[in-house]
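Visitor: with the input below, show me the fold.
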Amino acid sequence: MIAIAASRGRLYQRERIGSGPIWTLDYRDDAGKRRRIVLGSDKRAAEKRAAEILRKRDLSTGRSTGVGVDLLDLAQLYIDDLKTRAVPRHVEQVQDRLHRIFRELGAKQVGDLTPLAMTKLRSKRLAEGVSNRTANLDLDVVRAMLTWAVSIDLLEANPLRKLKRLPESEATQRVRRRALSEAEIARFLAAAEADDEHQANRLAAEATIAARTQGAAYALVARPVRVPQAPLWRGFLATGARFGELTRVTWADLDIERAVLRLRAETTKAGKQRLIPLHESYVRQLTELRAVHERVRGRPVEPGDRVFLTPDGADVSRYSNNLMRLFERLLVRSGIPKLDAHGRKVDVHALRHTVASRCARNGISLIQAQRLLGHSDPKLTARTYSHLEVEDLRGAVERLHAS
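Guide: Residues are numbered from 1 along each chain as shown. I've put the predicted structure just below:
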(Lines give C-alpha, C1' and ligand atoms only; values in the text may rest on other atoms or scores of the structure.)
Protein backbone atom coordinates (compact mmCIF):
# COMPACT_ATOMS: atom_id res chain seq x y z
CA MET A 1 0.00 0.00 0.00
CA ILE A 2 1.36 3.44 -0.95
CA ALA A 3 0.12 6.20 1.33
CA ILE A 4 0.20 9.98 0.82
CA ALA A 5 -0.73 12.28 3.68
CA ALA A 6 -3.52 14.77 2.99
CA SER A 7 -4.67 17.66 5.17
CA ARG A 8 -6.52 16.11 8.14
CA GLY A 9 -6.98 12.94 6.14
CA ARG A 10 -5.07 10.27 4.27
CA LEU A 11 -5.00 9.61 0.55
CA TYR A 12 -3.55 6.21 -0.23
CA GLN A 13 -3.26 3.66 -3.01
CA ARG A 14 -4.21 0.00 -2.64
CA GLU A 15 -4.85 -2.98 -4.84
CA ARG A 16 -8.44 -4.00 -5.55
CA ILE A 17 -9.09 -7.47 -6.95
CA GLY A 18 -10.30 -7.27 -10.51
CA SER A 19 -9.79 -3.53 -10.93
CA GLY A 20 -6.11 -2.89 -10.18
CA PRO A 21 -4.71 -0.13 -7.94
CA ILE A 22 -7.09 2.60 -6.78
CA TRP A 23 -6.80 5.74 -4.67
CA THR A 24 -8.86 6.05 -1.51
CA LEU A 25 -9.41 9.01 0.82
CA ASP A 26 -9.70 8.26 4.54
CA TYR A 27 -10.82 11.33 6.54
CA ARG A 28 -13.26 12.68 9.15
CA ASP A 29 -16.23 14.74 8.02
CA ASP A 30 -17.53 17.96 9.56
CA ALA A 31 -19.32 15.95 12.26
CA GLY A 32 -16.14 14.07 13.18
CA LYS A 33 -17.35 10.83 11.64
CA ARG A 34 -14.75 8.76 9.82
CA ARG A 35 -15.32 8.41 6.07
CA ARG A 36 -13.61 6.37 3.36
CA ILE A 37 -14.19 7.25 -0.30
CA VAL A 38 -12.82 5.54 -3.40
CA LEU A 39 -11.54 8.23 -5.81
CA GLY A 40 -10.42 6.13 -8.81
CA SER A 41 -7.15 4.97 -10.34
CA ASP A 42 -5.78 8.31 -11.59
CA LYS A 43 -3.52 9.87 -8.97
CA ARG A 44 -3.81 13.53 -9.98
CA ALA A 45 -7.57 13.33 -10.38
CA ALA A 46 -7.78 11.68 -6.96
CA GLU A 47 -5.66 14.41 -5.38
CA LYS A 48 -7.85 17.11 -6.86
CA ARG A 49 -11.05 15.39 -5.75
CA ALA A 50 -9.61 14.82 -2.25
CA ALA A 51 -8.73 18.52 -2.00
CA GLU A 52 -12.28 19.46 -3.01
CA ILE A 53 -13.82 17.15 -0.40
CA LEU A 54 -11.56 18.44 2.37
CA ARG A 55 -12.13 22.05 1.35
CA LYS A 56 -15.91 21.66 1.51
CA ARG A 57 -15.55 20.05 4.92
CA ASP A 58 -13.36 22.89 6.13
CA LEU A 59 -15.82 25.46 4.80
CA SER A 60 -18.59 23.91 6.87
CA THR A 61 -16.44 23.87 10.02
CA GLY A 62 -15.17 27.44 9.79
CA ARG A 63 -11.69 26.65 8.40
CA SER A 64 -12.38 28.14 4.97
CA THR A 65 -9.05 29.96 4.68
CA GLY A 66 -7.05 26.76 5.11
CA VAL A 67 -4.95 28.23 7.95
CA GLY A 68 -5.32 24.97 9.86
CA VAL A 69 -3.80 22.86 7.09
CA ASP A 70 -0.84 20.83 8.36
CA LEU A 71 2.37 22.06 6.70
CA LEU A 72 4.10 18.69 6.48
CA ASP A 73 1.01 17.18 4.86
CA LEU A 74 0.79 20.08 2.41
CA ALA A 75 4.50 19.91 1.62
CA GLN A 76 4.29 16.18 0.88
CA LEU A 77 1.36 16.69 -1.49
CA TYR A 78 3.26 19.49 -3.22
CA ILE A 79 6.47 17.46 -3.49
CA ASP A 80 4.60 14.47 -4.95
CA ASP A 81 3.13 16.72 -7.62
CA LEU A 82 6.47 18.45 -8.23
CA LYS A 83 8.08 15.07 -8.96
CA THR A 84 5.93 14.78 -12.08
CA ARG A 85 7.30 18.00 -13.60
CA ALA A 86 10.80 18.66 -12.21
CA VAL A 87 14.17 16.92 -12.15
CA PRO A 88 14.96 14.84 -9.02
CA ARG A 89 17.74 17.14 -7.84
CA HIS A 90 15.41 20.17 -7.88
CA VAL A 91 12.71 18.23 -6.02
CA GLU A 92 15.23 17.23 -3.36
CA GLN A 93 16.42 20.82 -2.94
CA VAL A 94 12.85 22.14 -2.61
CA GLN A 95 11.95 19.51 -0.04
CA ASP A 96 15.06 20.18 2.05
CA ARG A 97 14.52 23.94 1.90
CA LEU A 98 10.85 23.69 2.93
CA HIS A 99 11.60 21.46 5.89
CA ARG A 100 14.41 23.75 7.04
CA ILE A 101 12.14 26.80 6.85
CA PHE A 102 9.35 25.08 8.79
CA ARG A 103 11.87 24.02 11.42
CA GLU A 104 13.43 27.49 11.81
CA LEU A 105 10.01 29.14 12.01
CA GLY A 106 8.60 26.51 14.33
CA ALA A 107 5.69 26.42 11.87
CA LYS A 108 3.23 23.54 11.92
CA GLN A 109 0.18 24.93 10.10
CA VAL A 110 -0.37 27.26 7.14
CA GLY A 111 -1.54 29.93 9.58
CA ASP A 112 2.01 30.08 10.95
CA LEU A 113 3.35 31.26 7.56
CA THR A 114 2.61 34.94 8.04
CA PRO A 115 4.41 37.79 6.23
CA LEU A 116 5.81 38.91 9.60
CA ALA A 117 7.21 35.43 10.35
CA MET A 118 8.86 35.17 6.92
CA THR A 119 10.25 38.71 7.25
CA LYS A 120 11.82 37.85 10.62
CA LEU A 121 13.32 34.67 9.18
CA ARG A 122 14.69 36.63 6.25
CA SER A 123 16.31 39.19 8.55
CA LYS A 124 17.86 36.38 10.59
CA ARG A 125 19.28 34.72 7.47
CA LEU A 126 20.72 38.01 6.21
CA ALA A 127 22.37 38.59 9.59
CA GLU A 128 23.96 35.13 9.24
CA GLY A 129 25.59 36.28 6.02
CA VAL A 130 23.43 34.89 3.20
CA SER A 131 22.86 36.99 0.09
CA ASN A 132 19.60 38.66 -0.92
CA ARG A 133 19.24 36.05 -3.64
CA THR A 134 19.50 33.16 -1.17
CA ALA A 135 17.01 34.83 1.15
CA ASN A 136 14.66 35.32 -1.80
CA LEU A 137 14.86 31.62 -2.61
CA ASP A 138 13.34 30.85 0.80
CA LEU A 139 10.38 33.08 0.03
CA ASP A 140 10.09 31.77 -3.54
CA VAL A 141 9.88 28.12 -2.56
CA VAL A 142 7.30 28.66 0.19
CA ARG A 143 5.21 30.98 -1.97
CA ALA A 144 5.29 28.46 -4.85
CA MET A 145 3.95 25.75 -2.56
CA LEU A 146 1.15 28.01 -1.28
CA THR A 147 0.24 29.15 -4.81
CA TRP A 148 -0.02 25.50 -5.83
CA ALA A 149 -2.30 24.84 -2.84
CA VAL A 150 -4.56 27.69 -3.98
CA SER A 151 -4.63 26.23 -7.52
CA ILE A 152 -6.07 22.94 -6.23
CA ASP A 153 -8.53 24.77 -3.94
CA LEU A 154 -6.86 23.61 -0.74
CA LEU A 155 -6.34 27.25 0.31
CA GLU A 156 -8.49 30.29 -0.33
CA ALA A 157 -5.50 32.61 -0.79
CA ASN A 158 -1.72 32.71 -0.55
CA PRO A 159 -0.87 34.54 2.70
CA LEU A 160 2.56 35.54 1.30
CA ARG A 161 1.33 36.86 -2.05
CA LYS A 162 2.01 40.52 -1.15
CA LEU A 163 5.41 40.03 0.46
CA LYS A 164 8.03 41.57 -1.84
CA ARG A 165 11.37 40.03 -2.77
CA LEU A 166 14.61 41.75 -1.84
CA PRO A 167 16.52 43.57 -4.59
CA GLU A 168 19.25 41.51 -6.25
CA SER A 169 22.31 43.20 -7.67
CA GLU A 170 26.07 42.76 -7.70
CA ALA A 171 26.25 44.94 -4.58
CA THR A 172 24.07 42.46 -2.62
CA GLN A 173 25.95 39.32 -3.67
CA ARG A 174 27.85 37.49 -0.92
CA VAL A 175 29.81 35.36 -3.40
CA ARG A 176 30.96 37.33 -6.43
CA ARG A 177 32.59 35.39 -9.23
CA ARG A 178 34.74 36.58 -12.08
CA ALA A 179 35.36 35.20 -15.54
CA LEU A 180 38.79 34.04 -16.62
CA SER A 181 40.64 36.01 -19.26
CA GLU A 182 41.74 34.32 -22.48
CA ALA A 183 45.31 34.14 -21.16
CA GLU A 184 44.12 32.56 -17.91
CA ILE A 185 42.01 30.02 -19.81
CA ALA A 186 45.07 28.94 -21.81
CA ARG A 187 47.17 28.63 -18.64
CA PHE A 188 44.42 26.74 -16.79
CA LEU A 189 43.97 24.14 -19.55
CA ALA A 190 47.75 23.77 -19.93
CA ALA A 191 47.98 23.20 -16.17
CA ALA A 192 45.28 20.53 -16.37
CA GLU A 193 47.16 18.69 -19.12
CA ALA A 194 50.45 18.99 -17.20
CA ASP A 195 48.83 17.72 -14.01
CA ASP A 196 47.46 14.65 -15.80
CA GLU A 197 50.90 13.95 -17.22
CA HIS A 198 52.54 14.41 -13.82
CA GLN A 199 50.11 12.05 -12.10
CA ALA A 200 50.55 9.44 -14.86
CA ASN A 201 54.35 9.64 -14.48
CA ARG A 202 53.99 9.27 -10.72
CA LEU A 203 51.98 6.07 -11.14
CA ALA A 204 54.54 4.77 -13.64
CA ALA A 205 57.34 5.45 -11.16
CA GLU A 206 55.44 3.65 -8.42
CA ALA A 207 54.94 0.68 -10.75
CA THR A 208 58.68 0.59 -11.47
CA ILE A 209 59.47 0.49 -7.77
CA ALA A 210 56.86 -2.24 -7.26
CA ALA A 211 58.42 -4.25 -10.09
CA ARG A 212 61.76 -4.15 -8.34
CA THR A 213 60.44 -5.09 -4.94
CA GLN A 214 57.46 -7.33 -5.71
CA GLY A 215 58.16 -8.59 -9.21
CA ALA A 216 57.09 -7.43 -12.66
CA ALA A 217 53.97 -9.61 -12.74
CA TYR A 218 52.70 -8.12 -9.47
CA ALA A 219 53.41 -4.56 -10.60
CA LEU A 220 51.56 -5.07 -13.87
CA VAL A 221 48.44 -6.25 -12.08
CA ALA A 222 48.61 -3.77 -9.21
CA ARG A 223 49.27 -0.64 -11.24
CA PRO A 224 46.10 1.49 -11.44
CA VAL A 225 45.12 3.48 -14.51
CA ARG A 226 44.38 7.12 -13.75
CA VAL A 227 41.51 8.78 -15.61
CA PRO A 228 42.66 12.14 -17.08
CA GLN A 229 40.76 15.14 -15.72
CA ALA A 230 41.67 17.71 -18.38
CA PRO A 231 38.68 16.66 -20.57
CA LEU A 232 36.33 17.49 -17.68
CA TRP A 233 37.76 20.97 -17.15
CA ARG A 234 37.80 21.64 -20.87
CA GLY A 235 34.20 20.42 -21.01
CA PHE A 236 33.07 23.15 -18.62
CA LEU A 237 34.74 25.78 -20.80
CA ALA A 238 33.47 24.22 -24.04
CA THR A 239 29.81 23.83 -23.08
CA GLY A 240 28.97 26.30 -20.32
CA ALA A 241 27.13 23.44 -18.59
CA ARG A 242 26.46 23.40 -14.89
CA PHE A 243 28.36 20.91 -12.74
CA GLY A 244 25.43 18.49 -12.39
CA GLU A 245 24.56 18.74 -16.09
CA LEU A 246 28.03 17.93 -17.40
CA THR A 247 29.04 15.28 -14.90
CA ARG A 248 25.90 13.22 -15.61
CA VAL A 249 26.50 13.06 -19.36
CA THR A 250 26.75 9.49 -20.68
CA TRP A 251 28.36 8.13 -23.83
CA ALA A 252 24.88 7.77 -25.32
CA ASP A 253 24.61 11.58 -25.09
CA LEU A 254 27.70 12.09 -27.25
CA ASP A 255 27.18 12.08 -31.02
CA ILE A 256 30.72 11.78 -32.35
CA GLU A 257 29.75 12.00 -36.03
CA ARG A 258 27.79 15.23 -35.60
CA ALA A 259 30.12 16.55 -32.86
CA VAL A 260 27.14 17.27 -30.60
CA LEU A 261 26.69 16.74 -26.86
CA ARG A 262 23.19 16.29 -25.48
CA LEU A 263 22.27 17.52 -22.01
CA ARG A 264 19.20 15.49 -21.11
CA ALA A 265 16.08 17.20 -19.79
CA GLU A 266 16.16 15.14 -16.60
CA THR A 267 19.63 16.48 -15.77
CA THR A 268 19.23 20.17 -16.63
CA LYS A 269 18.06 22.78 -14.14
CA ALA A 270 15.32 24.04 -16.46
CA GLY A 271 14.12 20.51 -17.24
CA LYS A 272 14.71 21.06 -20.98
CA GLN A 273 17.10 19.25 -23.31
CA ARG A 274 20.04 21.22 -24.72
CA LEU A 275 22.19 20.22 -27.69
CA ILE A 276 25.71 21.64 -27.52
CA PRO A 277 27.94 21.64 -30.63
CA LEU A 278 31.54 20.64 -29.90
CA HIS A 279 34.84 21.53 -31.54
CA GLU A 280 36.49 18.69 -33.47
CA SER A 281 39.60 18.79 -31.29
CA TYR A 282 37.49 18.27 -28.17
CA VAL A 283 35.65 15.36 -29.78
CA ARG A 284 39.02 13.73 -30.48
CA GLN A 285 40.00 14.22 -26.85
CA LEU A 286 36.78 12.55 -25.69
CA THR A 287 37.37 9.66 -28.09
CA GLU A 288 40.80 9.14 -26.52
CA LEU A 289 39.19 9.33 -23.08
CA ARG A 290 36.82 6.53 -24.04
CA ALA A 291 39.78 4.21 -24.63
CA VAL A 292 41.10 5.01 -21.16
CA HIS A 293 37.69 4.18 -19.66
CA GLU A 294 37.83 0.75 -21.27
CA ARG A 295 41.19 0.09 -19.64
CA VAL A 296 39.91 1.29 -16.26
CA ARG A 297 36.68 -0.73 -16.42
CA GLY A 298 38.27 -3.76 -18.06
CA ARG A 299 35.41 -3.96 -20.56
CA PRO A 300 33.97 -2.07 -23.53
CA VAL A 301 32.28 1.20 -22.65
CA GLU A 302 28.47 0.95 -22.54
CA PRO A 303 26.06 3.71 -23.68
CA GLY A 304 24.86 4.35 -20.14
CA ASP A 305 28.36 4.82 -18.69
CA ARG A 306 29.34 8.33 -17.60
CA VAL A 307 31.70 10.28 -19.85
CA PHE A 308 33.48 11.95 -16.93
CA LEU A 309 34.93 9.93 -14.07
CA THR A 310 37.07 10.71 -11.05
CA PRO A 311 40.82 9.99 -11.32
CA ASP A 312 40.27 6.54 -9.81
CA GLY A 313 37.42 5.68 -12.21
CA ALA A 314 34.29 6.38 -10.13
CA ASP A 315 31.26 8.36 -11.30
CA VAL A 316 31.40 12.06 -10.48
CA SER A 317 28.29 12.73 -8.41
CA ARG A 318 28.34 16.05 -6.55
CA TYR A 319 31.11 18.37 -5.49
CA SER A 320 33.73 16.41 -3.58
CA ASN A 321 36.68 17.58 -1.53
CA ASN A 322 39.05 15.67 -3.81
CA LEU A 323 37.70 17.41 -6.91
CA MET A 324 37.85 20.82 -5.23
CA ARG A 325 41.45 20.19 -4.14
CA LEU A 326 42.32 19.25 -7.71
CA PHE A 327 40.70 22.45 -9.03
CA GLU A 328 42.57 24.60 -6.52
CA ARG A 329 45.81 22.79 -7.38
CA LEU A 330 45.29 23.76 -11.02
CA LEU A 331 44.70 27.39 -10.04
CA VAL A 332 48.01 27.43 -8.18
CA ARG A 333 49.84 25.67 -11.03
CA SER A 334 48.45 28.17 -13.57
CA GLY A 335 49.10 31.23 -11.39
CA ILE A 336 45.41 32.21 -11.12
CA PRO A 337 44.43 33.70 -7.74
CA LYS A 338 41.33 32.16 -6.18
CA LEU A 339 40.32 35.64 -4.96
CA ASP A 340 41.28 38.84 -6.75
CA ALA A 341 41.90 42.27 -5.22
CA HIS A 342 38.16 43.03 -5.38
CA GLY A 343 37.14 39.86 -3.53
CA ARG A 344 35.81 38.14 -6.63
CA LYS A 345 36.10 34.36 -6.59
CA VAL A 346 37.23 31.78 -9.13
CA ASP A 347 35.54 28.42 -8.56
CA VAL A 348 34.10 25.71 -10.80
CA HIS A 349 30.91 27.70 -11.42
CA ALA A 350 33.08 30.64 -12.51
CA LEU A 351 33.97 28.54 -15.57
CA ARG A 352 30.32 28.87 -16.62
CA HIS A 353 30.59 32.65 -16.18
CA THR A 354 33.71 32.47 -18.32
CA VAL A 355 31.77 30.88 -21.18
CA ALA A 356 29.21 33.70 -21.03
CA SER A 357 31.97 36.31 -21.16
CA ARG A 358 33.67 34.52 -24.06
CA CYS A 359 30.39 34.71 -25.94
CA ALA A 360 30.34 38.47 -25.39
CA ARG A 361 34.00 38.83 -26.36
CA ASN A 362 33.36 37.04 -29.64
CA GLY A 363 30.20 38.93 -30.61
CA ILE A 364 27.76 36.06 -29.97
CA SER A 365 24.23 37.35 -29.51
CA LEU A 366 22.52 37.37 -26.13
CA ILE A 367 19.84 34.97 -27.42
CA GLN A 368 22.42 32.43 -28.59
CA ALA A 369 24.28 32.70 -25.30
CA GLN A 370 21.01 32.14 -23.43
CA ARG A 371 20.37 28.96 -25.41
CA LEU A 372 23.91 27.73 -24.83
CA LEU A 373 23.79 28.35 -21.08
CA GLY A 374 20.22 27.12 -20.65
CA HIS A 375 18.94 30.19 -18.82
CA SER A 376 15.16 30.36 -18.58
CA ASP A 377 15.32 34.15 -18.08
CA PRO A 378 17.42 36.32 -20.44
CA LYS A 379 18.10 38.66 -17.50
CA LEU A 380 20.25 35.92 -15.95
CA THR A 381 22.27 35.68 -19.16
CA ALA A 382 22.63 39.46 -19.38
CA ARG A 383 23.90 39.61 -15.80
CA THR A 384 26.52 36.91 -16.43
CA TYR A 385 27.17 38.18 -19.95
CA SER A 386 28.53 41.48 -18.64
CA HIS A 387 31.71 40.03 -17.05
CA LEU A 388 34.01 41.93 -19.36
CA GLU A 389 37.32 43.16 -18.02
CA VAL A 390 39.10 46.41 -18.92
CA GLU A 391 41.29 44.68 -21.49
CA ASP A 392 38.18 43.34 -23.22
CA LEU A 393 36.98 46.92 -23.65
CA ARG A 394 40.34 48.31 -24.76
CA GLY A 395 39.76 47.27 -28.38
CA ALA A 396 36.44 49.08 -28.45
CA VAL A 397 38.01 52.25 -27.04
CA GLU A 398 40.82 52.09 -29.58
CA ARG A 399 38.29 51.75 -32.40
CA LEU A 400 36.49 54.85 -31.10
CA HIS A 401 39.73 56.89 -31.18
CA ALA A 402 40.56 55.60 -34.66
CA SER A 403 37.22 56.78 -36.12
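
Visitor: from here on, contacts and neighbour counts on C-alpha atoms
Guide: Will do.

Visitor: now the phi/psi pair for residue 21, please.
Guide: phi -70, psi 140 (degrees, to the nearest 10).

Visitor: torsion angles phi and psi at the nearest residue to it once chain neighbours are set aside?
Guide: The spatially closest residue to residue 21, leaving aside those adjacent along the chain, is residue 15, at 4.2 Å (Cα to Cα, 6 or more residues apart in numbering). For residue 15, the backbone dihedrals (degrees, to the nearest 10) come out as phi -80, psi 130.

Visitor: what does residue 240 give?
Guide: According to degrees, to the nearest 10, residue 240 has phi 70, psi 10.

Visitor: same question for the one 4 residues further on.
Guide: In terms of degrees, to the nearest 10, the main-chain angles of residue 244 are phi -70, psi -30.

Visitor: roughly how far apart are it and residue 315?
Guide: Residue 244 sits at a distance of 12 Å from residue 315 (criterion: Cα to Cα, to the nearest Å).

Visitor: doesn't residue 40 make contact with the residue nearest to residue 21?
Guide: No - Residue 15 is not in contact with residue 40 according to Cα atoms under 8 Å; the separation is 11.4 Å.

Visitor: mutual contacts of these two, please.
Guide: Common contacts of residue 15 and residue 40, defined by Cα atoms under 8 Å, 6 or more residues apart in numbering, comprise residue 22.

Visitor: who has more neighbours out of these two?
Guide: residue 40 (16 against 13; other Cα atoms under 10 Å).

Visitor: list the contacts of the more buried one.
Guide: Neighbour list for residue 40: 22-24, 46 [criterion: Cα under 8 Å, 6+ apart].

Visitor: how about the strands in the stretch 201-350 of the chain?
Guide: Listed in chain order, the strands found in the stretch 201-350 of the chain under DSSP state E, counting those that start in this stretch are 254-255, 260-263, 274-277.

Visitor: report the buried residues of the last one.
Guide: Along strand 274-277, these residues count as buried under the neighbour rule (16 or more other Cα atoms under 10 Å): 274, 276-277.

Visitor: what's the answer for stretch 259-269, then?
Guide: Neighbour-count burial for stretch 259-269, with 16+ other Cα under 10 Å as criterion, is recorded at 259-264, 266-269.

Visitor: likewise stretch 365-380?
Guide: So stretch 365-380, judged by 16+ other Cα under 10 Å, has buried residues 366, 369-370, 372-375, 378.

Visitor: how about stretch 316-328?
Guide: By neighbour count on 16+ other Cα under 10 Å, the buried set for stretch 316-328 is 316, 323, 327-328.

Visitor: which among those gets closest to residue 340?
Guide: Of all the buried residues of stretch 316-328, residue 328 has the smallest distance to residue 340: 14.3 Å, by Cα to Cα.
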